[in-house]
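Trainee: I'll drop the sequence and a predicted model, then ask my questions.
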Amino acid sequence: MAQARQTSPKRPGYLFLVCPDAQLIRQQAEAFAAQWPAASGTWERFCYWGDEEPPRAFWENLSLTGLLGTQRLVLVRQANQWNAAVWHRLSKALSQPLAGNFPMFCLEVGFEKGKFKVPAWLMKLPCWTFADKQQWIWRSEGVTDRNITRFIQDEAARAGVKLAQETLARFADTVPRSAEVIANEIEKLALACPPGTVATPEHMSTGDWIPEARLFDCVDALMRGQEAAVWREFARISDIENAAFPLLGILALYCRRLWQLSAGESPPIFGASRATLPPLARRLGPAGCAFAIAQVAEAELNIKTGKFSVQQAIEFLLSQLLPLFRPGR
């Protein structure tokens, strides 16, 4: 998943870890610590944070050899928050790294439009340019729509969890793009599923972020324009008061994908939606997609302002969208 170049067999003098996901940063730091263990014994670990000025102990741990030959792993989280003055001093200190110390600097920055939001001045410092040349920079854009399916599959395989195809599709559709959330939910599935069984969508009810499976059935029927199925699945939703906003969230997601498809983009589509959404987007066109998005937003507004009850707002929304999505309209 990581967009990283391979590090050299010899331990680097220091490393930059660039990623927006804190869980992936932690995992990779542990992987590097295991890949390059201390020459004798174990690393003496120190952790500092970029939201504070580096204390004197940091500079000592970075530049001084331990009295008993101890080897230090110095981890700096959110190092991107340090100002230019700190980084200029740090760049000078890193020009002659100690063999017994292993510094890692975590730049927990966003990834947008194919670029990491690392400050331009930092990338001009000698410590960065040298690290880039030596392949001492690990980069990962984190968990995204492009890699979510593979990431879930990898986490499930590590936990020994078998996922049904529908479970995987719904998991990928709804889970937050966070490695920590995914790992926690896979762990819950591992506890919920007896050994040797396959995790079904019903097992996903353990997740706080997962709405009822009926919501997906209702939305899937709506996208196909199947009126009887829509009202049947809607009637089966046990608690519409709590399910309304998850339902609106799913509808908003599907409508955004329809809009992207109508604009010629290629958004990630999972499961049965691969067969349903592209032809629907062509039928609707930009005007139809815009109308659908507006109806979802209006339903949310009607609920939040109390103009309609939750039941009334959702029923009215479905009645507005069904004629739009019905085949042969």
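Mentor: That came through fine.

Trainee: count of residues packed around the closest residue to residue 82 other than its chain neighbours?
Mentor: Leaving aside its sequence neighbours, residue 82 sits nearest to residue 50 (Cβ to Cβ, 6 or more residues apart in numbering; 5.0 Å). Just so you know, the C-beta spots here come from the backbone N, C-alpha and C atoms, and that holds for glycine as well. For residue 50, the neighbour count with other Cβ atoms under 10 Å is 19.

Trainee: Quick check: phi and psi at residue 50.
Mentor: Residue 50 adopts backbone torsions of phi -70, psi -10, taken as degrees, to the nearest 10.

Trainee: Verify the contact between it and residue 83 for me.
Mentor: No: using Cβ atoms under 8 Å, residue 50 is not in contact with residue 83; the gap is 9.5 Å.

Trainee: got a pLDDT number for residue 197?
Mentor: pLDDT recorded at residue 197 is 82.

Trainee: Kindly report the same for residue 103.
Mentor: Residue 103 is given a pLDDT of 95.

Trainee: Assumed it was part of a helix.
Mentor: No: under DSSP: H, G, I helix; E, B strand; the rest coil, residue 103 falls outside any helix and is assigned strand.

Trainee: Quick check: the gap between it and residue 39.
Mentor: Distance of residue 103 to residue 39, computed by Cβ to Cβ, to the nearest Å: 16 Å.

Trainee: Name the residue in the two with the higher neighbour count.
Mentor: residue 103 (25 against 10).

Trainee: which residues sit in contact with the residue nearest to residue 82?
Mentor: Contact partners of residue 50, counting by Cβ atoms under 8 Å, 6 or more residues apart in numbering, are 76, 77, 78, 79, 80, 81, 82.

Trainee: any chance of those residues in a markdown table, with pLDDT and neighbour count too?
Mentor: Supplementary listing: these in a markdown table, determined by pLDDT from 0 to 100; neighbours: other Cβ atoms under 10 Å:
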| residue | pLDDT | neighbour count |
| --- | --- | --- |
| 76 | 96 | 23 |
| 77 | 94 | 21 |
| 78 | 92 | 18 |
| 79 | 95 | 24 |
| 80 | 94 | 20 |
| 81 | 92 | 15 |
| 82 | 95 | 22 |
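
Trainee: What about residue 114? Give its phi and psi, please.
Mentor: Dihedral angles (degrees, to the nearest 10) for residue 114: phi 80, psi 10.

Trainee: Count residues in the vicinity of it, would you?
Mentor: 6.

Trainee: Spell out the residue ranges of the helices in the stretch 201-329 of the chain.
Mentor: 213-223, 227-236, 240-262, 273-305, 310-325 (DSSP state H, counting those that start in this stretch).
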